[in-house]
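Participant: Predicted model and sequence below, questions to follow.
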Amino acid sequence: MLLGVGLLAQEPLTVAEAIRRAWTDQAGLRAGQALVEAREVDAEALRDLRLPSLTLSANGVRTNEPMQAFGIKLNQARIASSDFNPTSLNHPDPISAFGGSFVVQQPLYAGGRISSARRAGAFMAQAEQASQERRKQETAQQVVEAYFGAQAAEQALLWAEETLAWVRGMEAFVDARVAQGLMLEAEAQRLKAAHAQVEAQRVEAQARVRNARSGLGLLTGKGPFQGGFATPLDLVLPEAVMGSNRADLVAASFQAQAAQEQAKAASGSLLPEVGLELGVGTLHQSWSDKGNWSWAAVGVKWRVFSAPDRSKAHAARAQARAAEETRTFKQQQAEHETRVARENMSAAEARVVAARQALAAAEESKRLREARHREGLTPLTEVLDAEAVRQGARALLLQSLYDLRTSRAALDLATGAPIEGVTP
């Protein structure tokens, strides 16, 4: 009970607050942000490929294997003439040693693979960030739909309860007339049927309210929302503005650039590599009896022919072409979505105007028929028909207002404008 009281005490929520709450609390978007962080770490790792690698090793050994025993003594700087005795060489005594080495390896040239991989990683990180922005905008559109859908369901429930109260009042009036013999019993039976129908509509409206609030809670990362709605459904919308470049188009552009760099990196695997290696080592017989050495080397490695590497390079070039075609298609798709969204917005505005006029006419018709019925000039069926027309006009107005708000959100999403004016 205390939990229920706490939920009912929630402050009215604006649509902007609902969108921001979804951006911060929804698990799906938090997972997307984790992907962004993972891509950024991958990009850092690829940037670090150009840095030298440092390797420190330590080892201890005891052996009487002839070649190792002779090599260990040589590295310990304690070879004597007796060690060249064939008997000692062939059957050495067990020997112990411990030591270590420190090696620095620096790539000097890798056929462009390192620089291409670094750029590809940076582009992929930027693409993931843009994709996350797109996911946020798509979530914002879903929040708008759920927020105003719940609000429309609430209004439909209020109207159903109002109609139910009206039917009860009509029942009292008709029952009194039937008791006086001024109306037929059939009139009362018609009202009972209408009462049952309106009661079913009210129960259905209650279910829609619960479902809509549950959906809004899912999007905002909480349980079913129990507070009020601070942003009215019929709020006058400002003029639509053209937004900046859509985030999904930005992501597609970065993905195409990353694919091109990956193709360059794959082609670089067919070129030679040049590297520098510096190192120092030591091998001890005891702490004071040891041998030290160092080395510096520049090496070239070239895999002159490798069928798998050639196939990978060909596949990478195909993926680059696919990414470029995908970017072109997404641009065409965005232009189509913008045209459709503008048409839907214009149609929704016209439907709202027509629905308001239809409701006004239905209200007046019902008022006149009800007044004539109370005077005994109009049968009850005409009053019930007028009420049914009014209910239909109310439903049409609610649907039209909802379509207008969601069409505006779809237009903002299509053009890249902030939905409901909310920016991250």
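Facilitator: Alright, I've got the coordinates. In this text, all values refer to a predicted model and were calculated from it rather than measured experimentally.
Participant: E239 should be in a helix, yeah?
Facilitator: No: secondary structure assignment places E239 outside any helix; it is coil (DSSP: H, G, I helix; E, B strand; the rest coil).
Participant: dump the residue contacts of it.
Facilitator: Neighbour list for E239: empty [criterion: CB atoms under 8 Å, 6 or more residues apart in numbering]. Just so you know, the C-beta spots here come from the backbone N, C-alpha and C atoms, and that holds for glycine as well.
Participant: and it, what pLDDT?
Facilitator: With respect to pLDDT, E239 scores 72.
Participant: who does the helix or strand encompassing S101 pair up with?
Facilitator: Element membership for S101, per DSSP states H and E: strand 95-109. Using DSSP bridges, the strands paired with strand 95-109 are strand 53-63 (antiparallel), strand 273-284 (antiparallel).
Participant: got the ones you listed as TSV, with distance to L158 and mean neighbour count columns?
Facilitator: Shown next, in TSV, are the strands paired with strand 95-109 (distance: least, CB to CB, whole Å; neighbours: other CB atoms under 10 Å):
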stretch	distance to L158	mean neighbour count
strand 53-63	70	11
strand 273-284	75	16
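Participant: Same list (those) but as a markdown table, adding distance to G121 and mean pLDDT.
Facilitator: Output for the strands paired with strand 95-109, formatted as a markdown table (distance: least, CB to CB, whole Å; pLDDT from 0 to 100):
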| stretch | distance to G121 | mean pLDDT |
| --- | --- | --- |
| strand 53-63 | 18 | 92 |
| strand 273-284 | 20 | 92 |
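Participant: Before we go further, G291 is sitting in a helix, right?
Facilitator: No: G291 is assigned strand when assessed by three-state DSSP, not a helix.
Participant: What pLDDT does the model give the spatially closest residue to it that is not a sequence neighbour?
Facilitator: Ranked by CB to CB, 6 or more residues apart in numbering and with sequence neighbours excluded, the top spatial neighbour of G291 is A77, at 3.5 Å. Predicted confidence (pLDDT) for A77: 85.
Participant: where's A77, which helix or strand?
Facilitator: Using DSSP H and E, no helix or strand contains A77.
Participant: which ones are touching it?
Facilitator: So A77 contacts 290-292 (CB under 8 Å, 6+ apart).
Participant: So the most centrally placed residue in the chain, which state does it fall into?
Facilitator: Nearest residue to the geometric centre of the chain (CA atoms, centre = their mean): R135, 3.6 Å. Three-state call for R135 (three-state DSSP): helix.
Participant: Name the helix or strand for the residue lying closest to it once chain neighbours are set aside, please.
Facilitator: Among residues not flanking R135 along the chain, G32 sits closest, at 5.0 Å (CB to CB, 6+ apart). For G32, the enclosing helix or strand under DSSP H and E is helix 27-47.
Participant: Kindly report the same for E337.
Facilitator: Per DSSP H and E: helix 307-374 holds E337.
Participant: what's that helix packed up against?
Facilitator: Judged by 3 or more CB pairs under 8 Å, 6 or more residues apart in numbering; DSSP states H and E, helix 307-374 is in contact with helix 247-268, helix 380-415.
Participant: Poorly predicted segments of the stretch 151-300 of the chain, please.
Facilitator: 240-244 (pLDDT under 70).
Participant: do that again at 80, thanks
Facilitator: Scanning the stretch 151-300 of the chain for pLDDT under 80 picks out the ranges 181-184, 187, 222-223, 235-244, 287-288.
Participant: picking that back up, now the residue nearest to G291: phi and psi?
Facilitator: Here is the backbone geometry of A77 (degrees, to the nearest 10): phi 60, psi 40.
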